[in-house]
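Engineer: Any chance you could fold what I've pasted below:
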Amino acid sequence: MASFKYVAANYSGSTIKGKMEAFNEDQARKMLKDDGLKVETLHRVEESIWNKDLHIGNPVKNQDLVAFLQQFGALLRAGLTVVESLSILREQTSNKELTKALYYIEIDMRQGTSLAKAMGKHSRIFPTILINMVHSGEASGTLDETLVSLGTYYNKQHKTKQKVKSALAYPITVVIVAIFVVIFLMLYVVPQFVDMFAQFDAELPMITKFVLAVSNIITNYWLLLLLITLGIILGVVMIYQKEQARVKFDEWALKVPIFGKLVQKSNLAKMTRSLSSLLYNSVPIIQAIQLTEETIKNRVIKHKLIESRQALRKGNSMVSPMKGHWAFPYLVTQMISVGERTGSLEEMLDQVASFYEDDVETTTDQLKSLIEPLLIITLSIIVGTIVLAIIVPMFEIFNQVN
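Structural biologist: Here you go, the predicted model:
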(Lines give C-alpha, C1' and ligand atoms only; values in the text may rest on other atoms or scores of the structure.)
Protein backbone atom coordinates (compact mmCIF):
# COMPACT_ATOMS: atom_id res chain seq x y z
CA MET A 1 0.00 0.00 0.00
CA ALA A 2 1.32 3.44 -0.96
CA SER A 3 0.82 6.96 0.41
CA PHE A 4 -0.49 9.81 -1.76
CA LYS A 5 -0.76 13.56 -1.28
CA TYR A 6 -3.61 15.31 -3.03
CA VAL A 7 -5.18 18.69 -3.72
CA ALA A 8 -8.89 18.50 -4.55
CA ALA A 9 -12.01 20.65 -4.70
CA ASN A 10 -15.33 19.83 -3.05
CA TYR A 11 -18.84 20.62 -4.32
CA SER A 12 -18.68 24.20 -3.01
CA GLY A 13 -15.37 24.83 -4.80
CA SER A 14 -13.23 24.93 -1.66
CA THR A 15 -9.71 23.53 -1.97
CA ILE A 16 -8.85 20.56 0.24
CA LYS A 17 -5.34 19.22 0.82
CA GLY A 18 -4.59 15.91 2.43
CA LYS A 19 -2.79 12.59 2.56
CA MET A 20 -4.26 9.15 1.91
CA GLU A 21 -3.27 5.54 1.31
CA ALA A 22 -4.20 3.29 -1.61
CA PHE A 23 -2.77 0.41 -3.61
CA ASN A 24 -2.24 2.59 -6.71
CA GLU A 25 -3.04 6.00 -8.20
CA ASP A 26 -6.22 4.82 -9.95
CA GLN A 27 -7.65 3.55 -6.70
CA ALA A 28 -6.69 6.80 -4.94
CA ARG A 29 -8.54 8.84 -7.58
CA LYS A 30 -11.59 6.59 -7.26
CA MET A 31 -11.61 6.96 -3.46
CA LEU A 32 -11.48 10.75 -3.75
CA LYS A 33 -14.22 10.73 -6.38
CA ASP A 34 -16.40 8.54 -4.17
CA ASP A 35 -15.98 11.16 -1.44
CA GLY A 36 -17.32 13.82 -3.81
CA LEU A 37 -13.99 15.49 -4.52
CA LYS A 38 -12.58 16.70 -7.84
CA VAL A 39 -8.88 15.88 -8.02
CA GLU A 40 -6.56 18.72 -9.04
CA THR A 41 -3.18 17.18 -8.19
CA LEU A 42 -2.25 13.74 -6.92
CA HIS A 43 1.25 12.37 -6.40
CA ARG A 44 2.78 9.46 -4.58
CA VAL A 45 4.83 10.05 -1.42
CA GLU A 46 7.97 7.95 -1.16
CA GLU A 47 7.99 6.08 2.15
CA SER A 48 10.83 6.66 4.59
CA ILE A 49 11.40 6.24 8.29
CA TRP A 50 10.40 9.89 8.78
CA ASN A 51 6.91 9.64 7.25
CA LYS A 52 6.11 6.01 7.98
CA ASP A 53 3.41 5.30 10.58
CA LEU A 54 4.81 3.00 13.23
CA HIS A 55 2.61 0.86 15.46
CA ILE A 56 3.49 -1.41 18.36
CA GLY A 57 0.88 -4.12 18.87
CA ASN A 58 -2.68 -3.60 17.70
CA PRO A 59 -3.13 -0.12 16.13
CA VAL A 60 -6.83 -0.15 17.12
CA LYS A 61 -7.66 0.50 20.78
CA ASN A 62 -9.90 -1.94 22.58
CA GLN A 63 -12.56 0.75 23.12
CA ASP A 64 -12.68 1.43 19.36
CA LEU A 65 -13.04 -2.29 18.62
CA VAL A 66 -15.85 -2.68 21.18
CA ALA A 67 -17.73 0.34 19.79
CA PHE A 68 -17.31 -0.96 16.22
CA LEU A 69 -18.65 -4.44 17.07
CA GLN A 70 -21.64 -3.16 19.05
CA GLN A 71 -22.59 -0.61 16.37
CA PHE A 72 -22.09 -3.20 13.61
CA GLY A 73 -24.44 -5.62 15.36
CA ALA A 74 -27.02 -2.87 15.97
CA LEU A 75 -27.01 -1.83 12.29
CA LEU A 76 -27.53 -5.44 11.15
CA ARG A 77 -30.40 -5.84 13.62
CA ALA A 78 -31.94 -2.68 12.17
CA GLY A 79 -32.14 -4.43 8.78
CA LEU A 80 -29.12 -3.00 6.96
CA THR A 81 -26.88 -5.24 4.89
CA VAL A 82 -23.30 -5.99 5.91
CA VAL A 83 -21.88 -3.78 3.13
CA GLU A 84 -24.19 -0.88 4.01
CA SER A 85 -23.25 -1.21 7.68
CA LEU A 86 -19.53 -1.22 6.85
CA SER A 87 -19.93 1.91 4.75
CA ILE A 88 -21.68 3.75 7.61
CA LEU A 89 -19.15 2.58 10.20
CA ARG A 90 -16.25 3.61 7.98
CA GLU A 91 -17.60 7.17 7.89
CA GLN A 92 -18.15 7.28 11.66
CA THR A 93 -14.92 5.67 12.86
CA SER A 94 -12.21 8.09 13.97
CA ASN A 95 -9.41 5.50 14.12
CA LYS A 96 -7.36 5.81 10.92
CA GLU A 97 -6.23 2.17 10.77
CA LEU A 98 -9.73 0.81 11.38
CA THR A 99 -11.19 3.14 8.73
CA LYS A 100 -8.64 1.91 6.20
CA ALA A 101 -9.31 -1.74 7.05
CA LEU A 102 -13.09 -1.27 6.74
CA TYR A 103 -12.64 0.31 3.31
CA TYR A 104 -10.80 -2.76 1.97
CA ILE A 105 -13.17 -5.17 3.72
CA GLU A 106 -16.06 -3.41 1.98
CA ILE A 107 -14.30 -3.73 -1.40
CA ASP A 108 -13.64 -7.46 -0.80
CA MET A 109 -17.26 -8.08 0.18
CA ARG A 110 -18.58 -6.30 -2.93
CA GLN A 111 -16.46 -8.78 -4.89
CA GLY A 112 -18.10 -11.75 -3.13
CA THR A 113 -15.68 -12.44 -0.27
CA SER A 114 -17.15 -13.46 3.09
CA LEU A 115 -16.85 -11.06 6.03
CA ALA A 116 -14.67 -13.44 8.04
CA LYS A 117 -12.27 -13.98 5.14
CA ALA A 118 -12.09 -10.24 4.43
CA MET A 119 -11.37 -9.53 8.10
CA GLY A 120 -8.72 -12.25 8.08
CA LYS A 121 -6.61 -10.10 5.74
CA HIS A 122 -6.29 -7.55 8.57
CA SER A 123 -5.11 -9.83 11.38
CA ARG A 124 -3.22 -7.00 13.13
CA ILE A 125 -6.57 -5.33 13.80
CA PHE A 126 -8.99 -8.25 14.16
CA PRO A 127 -7.92 -11.07 16.54
CA THR A 128 -8.15 -14.70 15.42
CA ILE A 129 -10.88 -15.45 17.96
CA LEU A 130 -13.02 -12.63 16.52
CA ILE A 131 -12.57 -13.83 12.93
CA ASN A 132 -13.56 -17.40 13.86
CA MET A 133 -16.65 -16.26 15.74
CA VAL A 134 -17.68 -14.07 12.78
CA HIS A 135 -17.26 -17.11 10.52
CA SER A 136 -19.55 -19.14 12.80
CA GLY A 137 -22.05 -16.28 12.91
CA GLU A 138 -22.14 -16.08 9.11
CA ALA A 139 -22.59 -19.85 8.79
CA SER A 140 -25.44 -19.97 11.33
CA GLY A 141 -27.17 -16.80 10.12
CA THR A 142 -26.77 -15.09 13.49
CA LEU A 143 -24.09 -12.56 12.57
CA ASP A 144 -25.84 -9.67 14.34
CA GLU A 145 -26.03 -11.59 17.63
CA THR A 146 -22.43 -12.75 17.24
CA LEU A 147 -21.15 -9.20 16.75
CA VAL A 148 -23.05 -7.90 19.78
CA SER A 149 -21.77 -10.79 21.93
CA LEU A 150 -18.23 -10.10 20.67
CA GLY A 151 -18.60 -6.48 21.73
CA THR A 152 -19.69 -7.63 25.19
CA TYR A 153 -16.84 -10.15 25.32
CA TYR A 154 -14.10 -7.64 24.48
CA ASN A 155 -15.64 -5.05 26.79
CA LYS A 156 -15.48 -7.48 29.73
CA GLN A 157 -11.93 -8.49 28.79
CA HIS A 158 -10.91 -4.83 28.71
CA LYS A 159 -12.48 -4.06 32.10
CA THR A 160 -10.81 -7.05 33.76
CA LYS A 161 -7.44 -6.13 32.24
CA GLN A 162 -7.76 -2.50 33.34
CA LYS A 163 -8.64 -3.58 36.88
CA VAL A 164 -5.49 -5.70 37.13
CA LYS A 165 -3.37 -2.91 35.61
CA SER A 166 -4.73 -0.33 38.03
CA ALA A 167 -4.00 -2.62 40.99
CA LEU A 168 -0.39 -3.12 39.85
CA ALA A 169 0.24 0.43 38.62
CA TYR A 170 -0.11 2.16 42.00
CA PRO A 171 2.52 0.19 43.96
CA ILE A 172 4.93 0.23 41.01
CA THR A 173 4.58 4.02 40.73
CA VAL A 174 5.11 4.53 44.46
CA VAL A 175 8.18 2.26 44.49
CA ILE A 176 9.73 4.15 41.54
CA VAL A 177 9.04 7.51 43.22
CA ALA A 178 10.52 6.17 46.48
CA ILE A 179 13.70 5.07 44.70
CA PHE A 180 14.17 8.50 43.10
CA VAL A 181 13.49 10.27 46.41
CA VAL A 182 16.08 8.13 48.22
CA ILE A 183 18.66 8.65 45.44
CA PHE A 184 18.06 12.42 45.53
CA LEU A 185 18.49 12.54 49.31
CA MET A 186 21.63 10.40 49.17
CA LEU A 187 23.24 12.38 46.33
CA TYR A 188 22.32 15.98 47.17
CA VAL A 189 21.09 16.28 50.76
CA VAL A 190 23.14 13.90 52.92
CA PRO A 191 26.59 14.91 51.48
CA GLN A 192 25.98 18.54 52.57
CA PHE A 193 26.10 17.46 56.21
CA VAL A 194 29.23 15.29 55.96
CA ASP A 195 31.69 18.23 56.24
CA MET A 196 29.78 19.70 59.16
CA PHE A 197 29.89 16.42 61.07
CA ALA A 198 33.65 16.12 60.37
CA GLN A 199 34.33 19.76 61.38
CA PHE A 200 32.82 19.31 64.84
CA ASP A 201 34.26 15.82 65.20
CA ALA A 202 30.88 14.64 66.41
CA GLU A 203 30.34 11.09 67.61
CA LEU A 204 28.01 9.64 65.00
CA PRO A 205 25.36 7.06 65.90
CA MET A 206 25.15 3.79 63.95
CA ILE A 207 22.13 4.92 61.94
CA THR A 208 24.06 7.99 60.70
CA LYS A 209 27.16 5.94 59.86
CA PHE A 210 25.00 3.54 57.85
CA VAL A 211 23.26 6.34 55.91
CA LEU A 212 26.56 8.12 55.22
CA ALA A 213 28.12 4.86 53.99
CA VAL A 214 25.20 4.28 51.60
CA SER A 215 25.39 7.91 50.43
CA ASN A 216 29.14 7.56 49.85
CA ILE A 217 28.65 4.40 47.76
CA ILE A 218 25.92 5.99 45.63
CA THR A 219 27.89 9.24 45.16
CA ASN A 220 31.23 7.65 44.23
CA TYR A 221 30.09 4.52 42.44
CA TRP A 222 26.85 5.63 40.75
CA LEU A 223 28.14 4.71 37.29
CA LEU A 224 29.15 1.22 38.43
CA LEU A 225 25.79 0.76 40.16
CA LEU A 226 24.00 1.90 37.00
CA LEU A 227 25.98 -0.55 34.85
CA ILE A 228 25.28 -3.39 37.30
CA THR A 229 21.56 -2.56 37.27
CA LEU A 230 21.47 -2.46 33.47
CA GLY A 231 23.43 -5.73 33.35
CA ILE A 232 20.93 -7.41 35.68
CA ILE A 233 18.00 -6.14 33.59
CA LEU A 234 19.66 -7.31 30.37
CA GLY A 235 20.45 -10.68 31.93
CA VAL A 236 16.84 -11.14 33.07
CA VAL A 237 15.57 -10.21 29.58
CA MET A 238 17.95 -12.70 27.93
CA ILE A 239 16.99 -15.48 30.34
CA TYR A 240 13.30 -14.69 29.80
CA GLN A 241 13.70 -15.42 26.08
CA LYS A 242 14.01 -19.12 26.94
CA GLU A 243 10.69 -20.98 27.11
CA GLN A 244 11.62 -22.85 30.29
CA ALA A 245 12.44 -19.57 32.06
CA ARG A 246 9.13 -18.07 30.93
CA VAL A 247 7.22 -21.02 32.37
CA LYS A 248 9.08 -20.60 35.69
CA PHE A 249 8.36 -16.86 35.70
CA ASP A 250 4.66 -17.42 34.96
CA GLU A 251 4.55 -20.03 37.72
CA TRP A 252 6.12 -17.53 40.12
CA ALA A 253 3.62 -14.86 38.99
CA LEU A 254 0.77 -17.13 40.09
CA LYS A 255 2.38 -17.92 43.46
CA VAL A 256 3.80 -14.52 44.47
CA PRO A 257 2.21 -13.28 47.71
CA ILE A 258 -0.67 -10.77 47.47
CA PHE A 259 -0.62 -10.36 43.66
CA GLY A 260 -0.46 -14.05 42.69
CA LYS A 261 -4.14 -14.68 43.37
CA LEU A 262 -5.09 -11.64 41.30
CA VAL A 263 -3.05 -12.87 38.33
CA GLN A 264 -4.57 -16.35 38.68
CA LYS A 265 -8.15 -15.07 38.87
CA SER A 266 -7.75 -12.71 35.90
CA ASN A 267 -6.30 -15.52 33.74
CA LEU A 268 -9.08 -17.92 34.73
CA ALA A 269 -11.68 -15.24 34.00
CA LYS A 270 -10.18 -14.69 30.56
CA MET A 271 -9.95 -18.42 29.83
CA THR A 272 -13.53 -19.25 30.82
CA ARG A 273 -14.98 -16.13 29.17
CA SER A 274 -13.21 -16.91 25.88
CA LEU A 275 -14.32 -20.55 25.91
CA SER A 276 -17.93 -19.76 26.79
CA SER A 277 -18.19 -17.06 24.10
CA LEU A 278 -16.79 -19.40 21.44
CA LEU A 279 -19.03 -22.30 22.45
CA TYR A 280 -22.12 -20.06 22.54
CA ASN A 281 -21.30 -19.16 18.92
CA SER A 282 -21.17 -22.83 17.87
CA VAL A 283 -17.39 -23.07 17.52
CA PRO A 284 -16.33 -26.75 17.99
CA ILE A 285 -14.88 -27.47 21.43
CA ILE A 286 -11.38 -28.45 20.25
CA GLN A 287 -11.12 -25.39 18.02
CA ALA A 288 -12.49 -23.22 20.85
CA ILE A 289 -9.76 -24.42 23.21
CA GLN A 290 -7.09 -23.86 20.56
CA LEU A 291 -8.30 -20.29 19.99
CA THR A 292 -8.44 -19.65 23.73
CA GLU A 293 -4.83 -20.82 24.06
CA GLU A 294 -3.81 -17.85 21.90
CA THR A 295 -5.48 -15.38 24.27
CA ILE A 296 -3.89 -16.73 27.47
CA LYS A 297 -0.49 -15.24 28.30
CA ASN A 298 0.31 -17.28 31.41
CA ARG A 299 2.10 -20.43 30.24
CA VAL A 300 1.13 -22.58 33.22
CA ILE A 301 -2.57 -22.22 32.44
CA LYS A 302 -1.92 -22.27 28.69
CA HIS A 303 -0.06 -25.60 28.89
CA LYS A 304 -2.94 -27.15 30.83
CA LEU A 305 -5.32 -25.97 28.11
CA ILE A 306 -3.11 -27.67 25.52
CA GLU A 307 -3.24 -30.88 27.58
CA SER A 308 -7.05 -30.54 27.76
CA ARG A 309 -7.26 -30.28 23.98
CA GLN A 310 -5.04 -33.33 23.59
CA ALA A 311 -7.19 -35.23 26.11
CA LEU A 312 -10.33 -34.45 24.09
CA ARG A 313 -8.67 -35.71 20.91
CA LYS A 314 -8.01 -39.01 22.70
CA GLY A 315 -11.64 -39.23 23.80
CA ASN A 316 -11.02 -38.27 27.42
CA SER A 317 -12.55 -35.52 29.54
CA MET A 318 -11.46 -31.93 28.98
CA VAL A 319 -11.17 -31.31 32.72
CA SER A 320 -8.97 -34.35 33.54
CA PRO A 321 -5.58 -32.54 33.09
CA MET A 322 -6.82 -29.64 35.24
CA LYS A 323 -8.02 -31.71 38.20
CA GLY A 324 -5.61 -31.64 41.10
CA HIS A 325 -3.42 -28.92 39.55
CA TRP A 326 -2.75 -26.04 41.95
CA ALA A 327 -3.50 -23.35 39.31
CA PHE A 328 -7.11 -24.57 38.86
CA PRO A 329 -9.34 -24.24 41.94
CA TYR A 330 -11.95 -26.87 42.74
CA LEU A 331 -14.74 -24.49 41.64
CA VAL A 332 -13.36 -24.33 38.08
CA THR A 333 -12.80 -28.07 37.62
CA GLN A 334 -16.12 -28.98 39.25
CA MET A 335 -18.17 -26.56 37.10
CA ILE A 336 -16.43 -27.74 33.91
CA SER A 337 -17.00 -31.37 34.92
CA VAL A 338 -20.72 -30.71 35.52
CA GLY A 339 -20.96 -28.86 32.21
CA GLU A 340 -19.39 -31.77 30.33
CA ARG A 341 -21.73 -34.32 31.95
CA THR A 342 -24.93 -32.29 31.42
CA GLY A 343 -24.11 -30.88 27.98
CA SER A 344 -24.23 -27.30 29.28
CA LEU A 345 -20.51 -26.54 29.23
CA GLU A 346 -20.89 -23.02 27.78
CA GLU A 347 -23.35 -22.08 30.55
CA MET A 348 -21.09 -23.42 33.31
CA LEU A 349 -18.08 -21.61 31.84
CA ASP A 350 -20.11 -18.40 31.59
CA GLN A 351 -20.99 -18.65 35.30
CA VAL A 352 -17.35 -19.26 36.25
CA ALA A 353 -16.25 -16.32 34.08
CA SER A 354 -18.80 -13.98 35.71
CA PHE A 355 -17.73 -15.16 39.17
CA TYR A 356 -14.04 -14.50 38.54
CA GLU A 357 -14.65 -11.18 36.77
CA ASP A 358 -16.53 -9.97 39.85
CA ASP A 359 -13.86 -11.51 42.09
CA VAL A 360 -11.08 -9.66 40.23
CA GLU A 361 -12.93 -6.38 40.75
CA THR A 362 -13.37 -7.08 44.48
CA THR A 363 -9.76 -8.24 44.88
CA THR A 364 -8.33 -5.14 43.17
CA ASP A 365 -10.37 -2.86 45.43
CA GLN A 366 -9.17 -4.78 48.50
CA LEU A 367 -5.55 -4.67 47.33
CA LYS A 368 -5.70 -0.92 46.79
CA SER A 369 -7.09 -0.33 50.28
CA LEU A 370 -4.43 -2.65 51.76
CA ILE A 371 -1.37 -1.61 49.76
CA GLU A 372 -1.86 2.16 49.89
CA PRO A 373 -1.26 2.55 53.66
CA LEU A 374 1.51 -0.09 53.61
CA LEU A 375 3.42 1.76 50.90
CA ILE A 376 2.96 5.11 52.63
CA ILE A 377 4.25 3.63 55.91
CA THR A 378 7.23 1.99 54.14
CA LEU A 379 8.13 5.20 52.30
CA SER A 380 7.78 7.18 55.54
CA ILE A 381 10.12 4.77 57.36
CA ILE A 382 12.78 5.03 54.62
CA VAL A 383 12.68 8.83 54.39
CA GLY A 384 12.30 9.13 58.18
CA THR A 385 15.41 7.00 58.72
CA ILE A 386 17.47 9.29 56.46
CA VAL A 387 16.12 12.43 58.15
CA LEU A 388 16.70 10.93 61.61
CA ALA A 389 20.27 10.02 60.66
CA ILE A 390 20.91 13.71 59.96
CA ILE A 391 18.99 15.26 62.86
CA VAL A 392 20.36 13.09 65.73
CA PRO A 393 24.05 14.09 65.30
CA MET A 394 23.00 17.72 64.73
CA PHE A 395 21.46 17.80 68.22
CA GLU A 396 24.73 16.46 69.63
CA ILE A 397 26.65 19.20 67.79
CA PHE A 398 24.33 21.88 69.21
CA ASN A 399 24.90 20.48 72.70
CA GLN A 400 28.69 20.66 72.18
CA VAL A 401 28.47 24.26 70.99
CA ASN A 402 26.34 25.25 73.99
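
Engineer: Mind giving me the packing neighbours of the longest helix seen in the chain?
Structural biologist: Counting by DSSP state H, the longest helix found in the chain is helix 345-401. With contacts taken as 3 or more C-beta pairs under 8 Å, 6 or more residues apart in numbering; DSSP states H and E, helix 345-401 sits against helix 143-184, helix 191-199, helix 206-220, helix 260-280, helix 330-342. For every residue, glycine as well, the C-beta is placed using N, CA and C.

Engineer: For the third one, enumerate the helices and strands it packs against.
Structural biologist: Right, helix 206-220. helix 191-199, helix 345-401.

Engineer: Tell me which of those helices approaches residue 180 most closely.
Structural biologist: The closest of the helices and strands packed on helix 206-220 to residue 180 is helix 345-401. By C-beta to C-beta, the value is 11.4 Å.

Engineer: angle of that closest one against helix 206-220?
Structural biologist: 110 degrees (axes from the mean of the first three to the mean of the last three C-alpha atoms, to 10 degrees).

Engineer: list the contacts for residue 175?
Structural biologist: Listed by C-beta atoms under 8 Å, 6 or more residues apart in numbering, the contact set of residue 175 reads residue 375.

Engineer: and it, what pLDDT?
Structural biologist: Residue 175 carries a pLDDT value of 84.

Engineer: which intervals of the protein have sub-threshold pLDDT?
Structural biologist: Residue ranges of the chain with pLDDT under 70: 1-2, 21-23, 46-58, 202, 400-402.

Engineer: how does it divide into domains?
Structural biologist: With domains defined by automatic domain parsing, the chain comprises 2-45, 62-156.

Engineer: Please identify the most buried of these.
Structural biologist: With neighbours taken as mean count of other C-beta atoms under 10 Å, the domains of the chain reach their highest mean count in domain 62-156, at a mean of 18.

Engineer: what about that domain, start to end distance?
Structural biologist: Domain 62-156 has its terminal residues 11 Å apart, counting by C-alpha to C-alpha, to the nearest Å.

Engineer: could the helices and strands packed on helix 206-220 go into JSON lines alongside distance to residue 265 and mean neighbour count?
Structural biologist: Converted to JSON lines, those look like this (distance: least, C-beta to C-beta, whole Å; neighbours: other C-beta atoms under 10 Å):
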{"stretch": "helix 191-199", "distance to residue 265": "47", "mean neighbour count": "13"}
{"stretch": "helix 345-401", "distance to residue 265": "5", "mean neighbour count": "16"}
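
Engineer: possible to save those as CSV with distance to residue 231?
Structural biologist: Shown next, in CSV, are these (distance: least, C-beta to C-beta, whole Å):
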stretch, distance to residue 231
helix 191-199, 26
helix 345-401, 25
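
Engineer: Which among those helices is found nearest to residue 141?
Structural biologist: Checking the helices and strands packed on helix 206-220 against residue 141 by C-beta to C-beta gives helix 345-401 as the closest, at 18.9 Å.

Engineer: tilt between that closest one and helix 330-342?
Structural biologist: Using the same axes, to 10 degrees: helix 345-401 against helix 330-342 is 170 degrees.

Engineer: can I assume residue 271 is in contact with residue 298?
Structural biologist: No: judged on C-beta atoms under 8 Å, residue 271 makes no contact with residue 298 at a distance of 9.2 Å.

Engineer: So between those two, which is more surrounded?
Structural biologist: Each of residue 271 and residue 298 has its neighbours counted (other C-beta atoms under 10 Å); residue 271 has more, 26 against 23.

Engineer: check contacts around that one.
Structural biologist: Counting by C-beta under 8 Å, 6+ apart, residue 271 has contacts 292, 295-296, 301, 305.

Engineer: Swap in 7 Å and give it another go.
Structural biologist: With contacts defined as C-beta atoms under 7 Å, 6 or more residues apart in numbering, residue 271 is in contact with 292, 296, 301, 305.

Engineer: go on, residue 29?
Structural biologist: 39, 42.

Engineer: and residue 64, what element?
Structural biologist: helix 62-77 (DSSP states H and E).

Engineer: Need the residues that contact that helix.
Structural biologist: For helix 62-77, contacts defined as C-beta under 7 Å, 6+ apart pick out 82, 85, 88-89, 93, 95, 98, 143-144, 147-148, 150-151, 154-155, 158.

Engineer: Just give me the residue closest to the centre of this protein.
Structural biologist: residue 161 (6.7 Å; C-alpha atoms, centre = their mean).

Engineer: roughly how far apart are that residue and residue 254?
Structural biologist: 17 Å (C-beta to C-beta, to the nearest Å).

Engineer: now swap in residue 17 and tell me
Structural biologist: For residue 17 relative to residue 254 (C-beta to C-beta), the value is 55 Å.

Engineer: again, but for residue 135
Structural biologist: From residue 135 to residue 254 the distance is 33 Å (C-beta to C-beta).

Engineer: try residue 290
Structural biologist: From residue 290 to residue 254 the distance is 22 Å (C-beta to C-beta).

Engineer: next one: residue 180
Structural biologist: As judged by C-beta to C-beta, residue 180 and residue 254 stand 31 Å apart.

Engineer: These two - which one has more neighbours?
Structural biologist: Relative neighbour count places residue 254 above the other of residue 180 and residue 254, with 18 against 10, counting by other C-beta under 10 Å.

Engineer: quick one: that one and residue 325 touch, right?
Structural biologist: No: using C-beta atoms under 7 Å, residue 254 is not in contact with residue 325, being 10.9 Å away.
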